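[1] Need a 3D model of the following:
(chains A, B, C and D, ligands or ions: 4)
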Amino acid sequence: EGETVGFAQIGSESGWRAAETTLTKQQAEERGIDLRFSDAQQKQENQIAAIRSFVAQGVDAILLAPVVATGWDSVLEEAQEAEIPVVLLDRQVDSSDDLYLTAVGSDLVHEGEVAGEWLVNAVGDEECRIVELQGTTGSTPAIDRKTGFENAIEGHDNLEIVRSQTGDFTRAQGKEVMESFLQAENGGKDICALYAHNDDMAVGAIQAIKEAGLAPGDDILIVSIDAVPDIFKAMADGEANATVELTPNMAGPAFDALEAYWADGTMPEKFIQTESKLYTQENDPMGEYETRKDLGY
Amino acid sequence: MNTRALPLYATIVIFLIAYAICWLQFPAMLSTRVIGNLLTDNAYLGIVAVGMTLVILSGGIDLSVGSVIAFSGVFIAVMLRDSSLHPLVVFAMLLALTTAFGAAMGFLIHRLAMPAFIVTLAGMFLARGAAYMLSIDSVPITHPFYETMQDTYWLMPGKGRLRLIGVLMLLTVLAGMVIAHKTRFGASVYALGGGEAAARLMGVRQGRTTVLVYAFSGCMAGLSGIVFSIYTGSGYSLATVGTELTAIAAVVIGGTLLTGGAGYMFGTLIGVLTMGLIQTYIVFDGTLSSWWTKIVIGILLLVFILLQKGLLKLSQSRLAGGVS
Amino acid sequence: MLLKRIAPQLIALAALILLVTLVYPGFLDISINDGRLVGPVIDVLKRGAPVALLAVGMTLVIATRGIDLSVGTTMAICGAVAAWAIAAGWGLVPALVLALAAGAAAGLWNGLLVAVVGIQPFVATLILMTMGRGIAQLITEGRILTFNHPGFAFFGSGTVLGLPVPAWLWLLTGAGVALLMRRSALGMLIEATGINRRASALAGVNATVLLIAVYVASGLCAALAGIVVTADIRGADANNSGLWLELDAILAVVIGGNSLLGGRFSILAALLGALIIQTIDTGILLAGFPSEYNLVIKAALVLVILVLQSPRIAAEWRIWRESQRASREALAERSRT
Amino acid sequence: MLLSIRSLTKTFPGTLALDEVDFDLEAGEVHALLGENGAGKSTLIKCLTGAYQRDSGTVALNGAEIAPGSTVEAQELGIGTVYQEVNLLPNLTVAQNLMFGREPRRFGLINTRAMRAEAREMLRQYGLELDVDRDLGNYSVAIQQIIAIARAVALSGKVLILDEPTASLDAREVEMVFDVVRGLRERGLGIVFVSHFLDQVFDLTDRVTVLRNGRKIVTERTADLNRMSLIEHMLGRALENEVEQQSAEGADTAHPDLLHFKGIGRRGVVEPFDLTVGQGEVVGLAGLLGSGRTESAELMFGVRPAQTGSARDDKGPLDLKNPRAAIAAGFGFAPEDRKTDGVVADLSIRENIVLGLQARRGWARPIPRTEQNRLADDYIKRLDIRTSGREKPVGDLSGGNQQKVVLARWLAMNPRFLILDEPTRGIDVGAHAEILRLIHDLTDAGMSVLVISSEIEELVAVSDRVIVLRDRRHVAELRGERIAPDTIMRAIAKDDAKDGEAARCC
Ligand SMILES: Nc1ncnc2c1ncn2[C@@H]1O[C@H](COP(=O)(O)OP(=O)(O)OP(=O)(O)O)[C@@H](O)[C@H]1O
Ligand SMILES: Nc1ncnc2c1ncn2[C@@H]1O[C@H](COP(=O)(O)OP(=O)(O)OP(=O)(O)O)[C@@H](O)[C@H]1O
Ligand SMILES: [Mg+2]
Ligand SMILES: [Mg+2]
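    Ligands and ions are numbered 1, 2, ... in the order given. Purely as a prediction, here's the structure:
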């Protein structure tokens, strides 16, 4: 119908983010929506400026993947005054929920919980010393995924996080930090499991473990979050154990909601939660890899 | 004709031409909304660039400002959350703190003869680290006084909003112009940028000037932090990463020489608006992928600098030709 | 003479190692694990490779009174190019050559902007710094380009004579460049250009070509660093490879006692600077502090080292020592009479 | 006693620059401070004004001991100084330079209009009418020199110190400066005057203090001294044959043509000119400040590419598009502003001397260290460079010695055509004679030399031919007997109306 939608994306800091962008563009094209894309390079100030520009341009709706939860009140009010509906993608904001149409996303704390619960079941009653690779210090996913995981292992005294450092969500840092964990924990012999806040860090860590002469997935259990293609490959090789999916297709539900709203003013629910599905080595990792590898991760 | 102001004129001319091109492509670019946004969205950048201009004029550089802005936001948010102080009191405390921080860096630079680049780089790590230690989470600010400030604006014809922070930025630039061009302190700053040894022999109080320059920059970074916290209504330790480089780019586009001693405060305003214009243009266009966004920003930066250099050369040779 | 030049860096490094050993006693342990040395110190040598390699090129650029902010993104570009070539099945040698060529091209671009167009180095390289990551992402299309090529991975995680390949790479590059500078006249000509470009040009030094050459050298070093990082994780991460590493490289050069105002330089000292930085980083990781403290600790340590090395402090210390000696001699004199 | 210095000592690493120096300055006198290059004159002055911290000794102003910690304090005490190297700020306007630190203010802000007016007024006394709103860097060294003097005079409530203020001025400007100085003397100021021009010393000063190797040798009334004894005090020996005596010899030897410049020029810089240089010939360039002598030389050496014209030797056309091309064609050029164009301050004397030679050989063929040392030692001896060793950074040498290092660099390259722009600027009498003798030796060996100098006597002493420039145009050529101070003067000043123009800006 030729509606124009502005998409204020955070940036392209990870493969997952790139996939989200690709899928959003695909979805828009399929539905004949004219998508205006803005990359904020991980900066909230750029995102705010982009939203203001979208308002000044008079778009029909705005998709916002907020870089951080706070600080959106005044710009969302401005959009509301201009009667432009805003849909939040994949992350929440702490503004009042009548400032936006709906939010599509997963519950980051819940993701951490799913990962933690898997590990609790996997180790049973054995002693388990866990090392944790955090995301970028201060970022919402890092904080929430840490909280969720800690919630899940609470009360299980046989599980303990012995080392926790930031790996900045990157493969290289994941590998480097894992090396120092191995170094510090008796060559890795004292580590029973690794929890990584995203798959990229896990993939880096897997290499470090291999180079240290241990078997990732066996000697050290590995659980991480995102479900990007490369982790499925690792799972297929038996080098990773579990991942929690964060689907990059947030735009699909968002456009569904918008189209309903444009058509007859249907108000969607305020939070459309995507599934945080757990994948393990049993879930045909190779097949999952094949279906995902062309999504722009 | 005064040759020293040529870079400034070149900058203004290029900015106007660029704006005209944008307007031809997207007529909405000339709306008061866009103009209002340009001021509001770049208010924090403009303020911090004023401080940066003075530092660069003195022949130095201040890499810490981005982190200091982030620290300021977190500091304000945490103070307002954990104490019952009025925001204005918190602002005063913050400005005192960041000014002292800047002064301390200036002191190190002067007393230990260490390069500004390195001292302020350490300052950048330090301020960001301090912000982390205050709070990792982003902290919302919910004080009623903040809402008043956020809602203070003048509705221009055409629904554009001239907001408080935009006006504050313009006033800061004005103050910066007075300090740089109309005071003895400003003259000392230019002198220092022209050559330390000569400046000393001419009677510049090098130590005092250096400390003051960085203190001023720290103060401006604090002020910019306040503006940023009003702008986003929160404090976040990961905010404004790399803003120091944007500010430096704005100052340079504004015609100030990075080696110090030459440039105009007003040029910095134009430089900031130019950076804003590039951003706005890319959003209006809305077809660039993430990577092309980066490439295009780089190319536009280069084009601006080349045009400026070209225009400068042209007019200089004109002038020289006119003499003979 | 040489030892005297690098003494401050050596002392700083020794003190730092002592400090780290206090918080993490096993720091100096080295064991042999199927023919390769393992231990934190070896890790420092290996992990320090990217910054050390960048520092070699950066030292030359800084000696000419320039600065190269683009090395981080150049790493990303070269890594992306190499990974792309490997993934496309071009084979090892063409991939390496292509990556090095990309680095040289990036350096050439910077050099032309600085030496021919006359843009200030900070700004000229800032432009590539902004653009470069976009170019790298353009090559990888924003994803992490992974590959499986043992030959290429060797550059990241292989060992030769027990030592990791990245360590060999920076050791050899550093030694090679340092020798080239001091055995030929390049070192002096670069220093002369850095101190007074105009006077050097009037004396017949080809300052333009020299300037371009140092930026190309810096680009090549960045390419090597990019290859190491890419080979290490077996994938080109255009978003994060070399992110903010230019700052560490500059820091290394300055900790090495080189002046940002150009002129006299020492590559050896810059390499020690890189080791100092990596020792701090590795030390922080091993010590197991919460990650919020990483930055503050690093900043504080760097600041302390720089303050202790600052020329003013050195001068004051010399004066103090001389006055001590004088008073001691006076005392001896008095006791003799 | 206005100013009295007792037992002033100052050491630099490896150098005892001042050794228990006493110095007295009375109110209402002009006191010359003389000595060879590196004798310690500039150091004495800098210790006095707080630019350097002295090791020991006392300084008293009007009987009260002073110890300025910085130059600001000295200025506040009423001591105005012109340092040896022009030390103003090229990036500030002329007005800002003149009024720096004393800007007239209104409501706490600088009153630009008043500042401009006052600056213009200050310069008028020196016969300078220029746009005070332009950057100082736009003006020649000479004009900057006068501005520096004007500034120092304005700052000097009690003492005025002039360290080689006249080094790049011509006779007319020198006279103007002297008039101002005499006026100040009348008003009761004490003036310290450093110069290597003995005529000026006898002309202007009341008393003389001579330093040698950092020690005070003597203080005497100028009237009680004659030239010979003064030189003896300075050098510690008699000067065998002074410059003047050499002038007659070799004036009319025939010189086979070596180089032809045809129609060389650049718009707005120098009008196209023709010049033929003979082998072994010394061509002098005379002219007022800003008449285009330096520019002519720069065109010939490719510093600024010429827009018109060509150069050739007997083998064919020469390419002079940049300095390297000119060097390849066998040219050499010792520039006028040694600080910015000459020395590479942080490099050692040795490296500075071999720099040009090395650049010509290319980076891949380093000159062996022993050869470098031999060259450096050789020139340090031949040019009498005063230094504690060949590895000393050139920036730490005294002004005159830096000049010698620049000369040494070019001599070491042994060009066939050497351009010397103000070669003896700031060089003491002994070395001055030495350098002029050197020029003769070089031309005897077949080198051609172009000398630019504001010192007419010097031109007369060395030149076989003198070209006179006015208003960026080559206007006259003098040979043989006509090379004499008064003929040159007359040729320079032929058109008085034009003259005024030349000294003015734009
Ligand atoms: N900053 C410095 N560091 C080391 N040595 C110095 C420094 N400044 C001057 N000297 C040395 O002190 C001595 C005196 O130098 P000074 O500049 O006072 O000589 P001068 O009498 O002014 O000579 P000239 O006539 O050439 O100007 C010289 O040997 C010089 O090398
Ligand atoms: N009176 C003047 N007004 C404006 N610019 C001047 C004036 N005199 C010189 N300049 C500029 O200063 C620079 C140096 O000229 P300079 O005076 O050195 O020429 P010159 O003929 O070599 O004189 P000299 O060698 O005696 O100083 C040139 O760029 C010239 O354009
Ligand atoms: Mg002197
Ligand atoms: Mg001249």
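[2] only C-alpha atoms for contact and neighbour calcs from this point on.
    Fine.
[3] residue contacts, residue 97?
    I'll assume chain A. A:Lys270 (CA atoms under 8 Å, 6 or more residues apart in numbering or on different chains).
[4] Chain D was what I was after
    D:88-89, D:136, D:151.
[5] Could you do C:Val160 as well?
    C:Trp168 are the contacts of C:Val160 under CA under 8 Å, 6+ apart.
[6] beta partners of it?
    C:Leu163 (DSSP bridges).
[7] Please tell me the pLDDT value assigned to it.
    Looking at C:Val160, its pLDDT stands at 94.
[8] So it versus chain A, what's the distance?
    15 Å (CA to the nearest CA, to the nearest Å).
[9] ok, D:Ala39 touching D:Gly214?
    Yes: with contact defined as CA atoms under 8 Å, D:Ala39 and D:Gly214 form a contacting pair (5.3 Å).
[10] Pull up the overlap in contacts between these two.
    D:Ala17.
[11] Between those two, which is the more surrounded one?
    Neighbour tally, D:Ala39 and D:Gly214, criterion other CA atoms under 10 Å in any protein chain shown: the higher count belongs to D:Gly214, 25 against 22.
[12] Pull the contacting residues for the more buried one.
    Contacts of D:Gly214 (CA under 8 Å, 6+ apart): D:16-19, D:21, D:39-40.
[13] which SS class is the closest residue to it other than its chain neighbours?
    The shortest distance from D:Gly214 to any non-neighbouring residue, by CA to CA, 6 or more residues apart in numbering or on different chains, is to D:Leu18 (4.1 Å). What DSSP: H, G, I helix; E, B strand; the rest coil gives for D:Leu18 is strand.
[14] mind listing what D:Leu18 touches?
    D:8-11, D:40, D:43-44, D:213-215.
[15] how about 7 Å then?
    Going by CA atoms under 7 Å, 6 or more residues apart in numbering or on different chains, D:Leu18 touches D:8-11, D:40, D:214-215.
[16] A:Ala103 too?
    A:87-89, A:92, A:270-272.
[17] D:Gly446 belongs to a strand, doesn't it?
    No: note on D:Gly446: no strand contains this position according to three-state DSSP, which reports coil.
[18] Among the contacts of A:Ala103, show me the least confident.
    A:Gln92 (85).
[19] Now do the SS call for that residue.
    Assignment for A:Gln92 (three-state DSSP): coil.
[20] Show me the strands in chain A, by range?
    Assignment of strands within chain A using DSSP state E yields the ranges A:4-9, A:34-39, A:61-64, A:86-89, A:102-105, A:128-134, A:159-166, A:193-196, A:221-226, A:242-245, A:271-273, A:278-280.
[21] wait, the stretch 101-250 of chain D
    Secondary structure of the stretch 101-250 of chain D (DSSP state E, counting those that start in this stretch): strands at D:105-106, D:109-110, D:159-163, D:190-194, D:207-212, D:215-221.
[22] Out of the ones you listed, which gets nearest to D:Ala412?
    Nearest to D:Ala412 among the strands of the stretch 101-250 of chain D is strand D:207-212; the distance by CA to CA comes to 28.7 Å.
[23] Buried deepest among the strands of chain A, which one?
    Among the strands of chain A, strand A:193-196 has the highest mean neighbour count (mean count of other CA atoms under 10 Å in any protein chain shown), at a mean of 28.
[24] returning to that earlier point: near chain B, which of the contacts of D:Asn97 show up?
    For chain B, the contacts drawn from these by CA under 7 Å from any CA of the partner chain are D:88-89.
[25] picking that back up, redo the contacts of D:Leu18 as CSV? Include distance to ligand 1.
    Listed next are the contacts of D:Leu18 as CSV, based on distance: CA to the nearest ligand atom, whole Å:
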residue, distance to ligand 1
D:Leu8, 13
D:Thr9, 11
D:Lys10, 9
D:Thr11, 8
D:Gly40, 3
D:Gly214, 7
D:Arg215, 11
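[26] among those residues, which two are most distant?
    D:Thr11 and D:Arg215 (12.4 Å).
[27] that older thread, could you provide the contacts of D:Asn97 in JSON lines, with additional columns for distance to chain A?
    As requested, the contacts of D:Asn97 are arranged in JSON lines below (distance: CA to the nearest CA, whole Å):
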{"residue": "D:Leu88", "distance to chain A": "44"}
{"residue": "D:Leu89", "distance to chain A": "40"}
{"residue": "D:Leu136", "distance to chain A": "43"}
{"residue": "D:Arg151", "distance to chain A": "50"}
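[28] Which members of the contacts of D:Asn97 are positioned in helices?
    D:Arg151 (DSSP state H).
[29] Out of the contacts of D:Asn97, who's the most crowded?
    Neighbour-wise, those (other CA under 10 Å) top out at D:Leu88, 29 neighbours.
[30] Name the nearest residue to that residue, sequence neighbours excluded.
    In space, D:Leu88 is closest to B:Ala198, 5.9 Å off (CA to CA, 6+ apart).
[31] which bits of the stretch 51-200 of chain C sit near chain D?
    C:184-186, C:192, C:195-196, C:198-199.
[32] Write the ChimeraX selection for whichever of those are buried.
    Command for ChimeraX that selects the buried part of those, burial taken from 16 or more other CA atoms under 10 Å in any protein chain shown:
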select /C:184,185,186,192,195,196,198,199
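[33] from the residues of the stretch 51-200 of chain C next to chain D, which ones fall inside strands?
    Short answer: these have none in strands (DSSP E).
[34] hmm, the one helix or strand the residue nearest to D:Leu88 maps to touching ligand 1?
    Following DSSP states H and E, the helix or strand that holds B:Ala198 is helix B:196-202. No: judged by CA under 6 Å from any ligand atom, helix B:196-202 makes no contact with ligand 1; its nearest approach is 11.7 Å.
[35] Kindly report the same for stretch D:79-97.
    No: Stretch D:79-97 lies out of reach of ligand 1 by CA under 6 Å from any ligand atom, never closer than 6.9 Å.
[36] start to end distance for that stretch?
    17 Å (CA to CA, to the nearest Å).
[37] ditto for stretch C:136-147
    16 Å.
[38] do that stretch and chain B meet?
    Yes: among the residues of stretch C:136-147, C:137-138 lie within reach of chain B under CA under 7 Å from any CA.
[39] quick revisit: would you list the buried entries among the contacts of D:Leu18?
    The buried subset of the contacts of D:Leu18 - by 16+ other CA under 10 Å - is D:8-10, D:40, D:214-215.
[40] Can you lay out those residues as a markdown table showing distance to C:Ala85 and pLDDT?
    Conversion of those to a markdown table gives the following (distance: CA to CA, whole Å; pLDDT from 0 to 100):
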| residue | distance to C:Ala85 | pLDDT |
| --- | --- | --- |
| D:Leu8 | 72 | 94 |
| D:Thr9 | 70 | 94 |
| D:Lys10 | 66 | 94 |
| D:Gly40 | 66 | 93 |
| D:Gly214 | 69 | 92 |
| D:Arg215 | 73 | 94 |
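[41] Give me the pLDDT value at B:Arg33.
    With respect to pLDDT, B:Arg33 scores 89.
[42] now swap in A:Leu108 and tell me
    92.
[43] does it really touch A:Arg145, like I thought?
    Yes: A:Leu108 is in contact with A:Arg145 according to CA atoms under 7 Å; the separation is 5.8 Å.
[44] between those two, which one's more packed in?
    A:Arg145 (28 against 24).
[45] Now the more buried one: closest residue in space that isn't a chain neighbour?
    Closest to A:Arg145 by CA to CA, 6+ apart is A:Gly112, at 4.4 Å.
[46] which residues sit in contact with that neighbour?
    A:Gly112 neighbours (CA under 7 Å, 6+ apart): A:145-146, A:148-149.
[47] what's the neighbour count on the residue in the stretch 1-150 of chain B that ligand 2 sits nearest to?
    Nearest residue of the stretch 1-150 of chain B to ligand 2: B:Thr3, at 13.0 Å (CA to the nearest ligand atom). Using other CA under 10 Å, the number of residues around B:Thr3 comes to 14.
[48] Poorly predicted segments of chain A, please.
    For chain A, applying pLDDT under 70 flags the ranges A:1.
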